[in-house]
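Engineer: got a structure for you, letters missing:
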């Protein structure tokens, strides 16, 4: 079809007469023609599949189906915090035992929480060195997770940790940063 349009345009255009334009039937549009209503059925037939029995119709996009902009904290589009709480608790307990580096958890916590945890890690490392213990991966089981939401975009949680010598709790405060959670406070009790 493009070859036919190009040939028609070249044959109708007079090079000798300046300022002439192609005829309207030859002028090409920047916008493609809309697809026919049964375009999906035609494409499926060409592919060898049977067209669906229910006609396909377009649905207008509403503002409720659009994801939030970066920096906003829409609670409907935030991920579930429980997996993050469980994994962060396990990571914190491994850091305290000396089996994991604290820098591995840095992306999920604020600077204040990182500094607070760093002082705790240094103190536990000194205590281990005084007792002559080597760092080991702790054998723990994550228990129940208690979650409360004091206000929109903030979650405070307590995660029960069952270890061999004792039961401990990790209190974590999560706040929204863009479209993800970040720990602003972590305390091991």
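Structural biologist: Sure, I can see it. All values derive from a computational prediction rather than experimental measurement.
Engineer: which residues of the protein fall in strands?
Structural biologist: Ranges of strands within the chain are 140-151, 154-163, 167-177, 180-188, based on DSSP state E.
Engineer: what lines up beside the third one in the sheet?
Structural biologist: This points to strand 167-177. Taking DSSP bridges as the criterion, strand 167-177 sits next to strand 154-163 (antiparallel), strand 180-188 (antiparallel) in its sheet.
Engineer: If I take it and strand 140-151, what angle do their directions form?
Structural biologist: 40 degrees (axes from the mean of the first three to the mean of the last three Cα atoms, to 10 degrees).
Engineer: Report the buried residues of strand 167-177.
Structural biologist: 168, 170, 172-176 (16 or more other Cβ atoms under 10 Å). In short, each C-beta sits where N, CA and C put it, glycine included.
Engineer: ok, longest helix in this structure?
Structural biologist: helix 111-131 (DSSP state H).
Engineer: got the angle for it vs strand 167-177?
Structural biologist: 150 degrees.
Engineer: which residue sits closest to residue 159, ignoring its sequence neighbours?
Structural biologist: residue 89 (4.3 Å; Cβ to Cβ, 6 or more residues apart in numbering).
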